[in-house]
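Asks: here are the coordinates; sequence isn't available:
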């Protein structure tokens, strides 16, 4: 049996995720208290269900402390449990609440809190859940890009550490889901070549431009050396995911090239995901 637990901040895309999983044939339950998780999985398993998607979030705040133990026990019972945590920057969440005119769930419990204060409190309440999960920052993602990333997530071998390389643009903000951030803004910028400006780091002329730069090759080698040295420690710590974010100014040229090159370098030996945040592609 496979169980996908969806959690995260209100307004970060949990409904998009749950609807996608329902379309993919998962039996979906929204807003289940964590204390009922094992009982629910056992019941549905006895009825022959093999794929479940369950939303567990701040609406069941009182039961959230029980979630880590529940997940551990389900895994001990042989259940393939995958925890997906969606989050977004406060500015993006405030904009989404303003556009939809919906109330934040915590404001129903504490009416004196503003939406911004509710978001801060929600981050605190969900911090331990985020530590269990594969985190995705949806601040700059379209719904279609999020659906594509979730499909990637479902295809992973959970017994192996997943190394995620993600390009991004600093002018759009740091990704919340990054474990390591490397800054490629010091490298020569193809943007200033008018012929290269409309291209990305996946296009051959940009690749040729950066491959010819000694500083770009040195940065690539240094990041490889760092990851080669430290990734075994994450393996020993039984980490499921490590996200390496590579940033440049706009997230189109240097960071994309580096992320692609690093994914190729580590993809032979490790389970690798490649993501380009600013274009929403994989």
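Replies: Ah, there it is. No experiment lies behind these values; they were computed from the predicted model shown.
Asks: Show me the beta-bridge partners of the most centrally placed residue in the chain.
Replies: The centre of the chain sits closest to residue 136, judged by Cα atoms, centre = their mean, with a distance of 2.0 Å. Going by DSSP bridges, residue 136 is paired in beta bridges with residue 86.
Asks: these two touch, right, it and residue 86?
Replies: Yes - at 5.4 Å, residue 136 and residue 86 qualify as touching, with contact defined as Cβ atoms under 8 Å. Quick note: C-beta positions are derived from backbone N, CA and C, even for glycine.
Asks: shared neighbours of those two, which are they?
Replies: residue 146 (Cβ atoms under 8 Å, 6 or more residues apart in numbering).
Asks: domain parsing for this structure?
Replies: As assigned by automatic domain parsing, the chain contains the domains 2-154, 162-276.
Asks: I'd like the ones you listed as JSON lines, with mean pLDDT appended.
Replies: Converted to JSON lines, the domains of the chain look like this (pLDDT from 0 to 100):
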{"stretch": "domain 2-154", "mean pLDDT": "93"}
{"stretch": "domain 162-276", "mean pLDDT": "96"}
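Asks: quick one: the strands in this structure?
Replies: 2-8, 27-29, 51-55, 80-87, 134-137, 162-169, 180-183, 241-248, 271-276 (DSSP state E).
Asks: Tell me the buried residues in stretch 116-123?
Replies: 118, 119, 121, 122 (16 or more other Cβ atoms under 10 Å).
Asks: Revised request: answer the last question for stretch 77-96.
Replies: So stretch 77-96, judged by 16+ other Cβ under 10 Å, has buried residues 79, 81-89, 92-94, 96.
Asks: likewise stretch 204-211?
Replies: Buried, per 16+ other Cβ under 10 Å, within stretch 204-211: 206, 207, 209, 210.
Asks: What are the contacting residues of the lengthiest helix in the chain?
Replies: For the chain, the helix with the greatest residue count under DSSP state H is helix 214-236. For helix 214-236, the surrounding residues in contact (Cβ under 8 Å, 6+ apart) are 161, 163, 182, 184, 186-188, 210-211, 242, 244, 246, 254, 257-258, 261-262, 265-266, 270.
Asks: show me where the stretch 51-200 of the chain has helices.
Replies: Assigned helices in the stretch 51-200 of the chain, in chain order: 67-76, 90-100, 115-125, 127-132, 143-154 (criterion: DSSP state H, counting those that start in this stretch).
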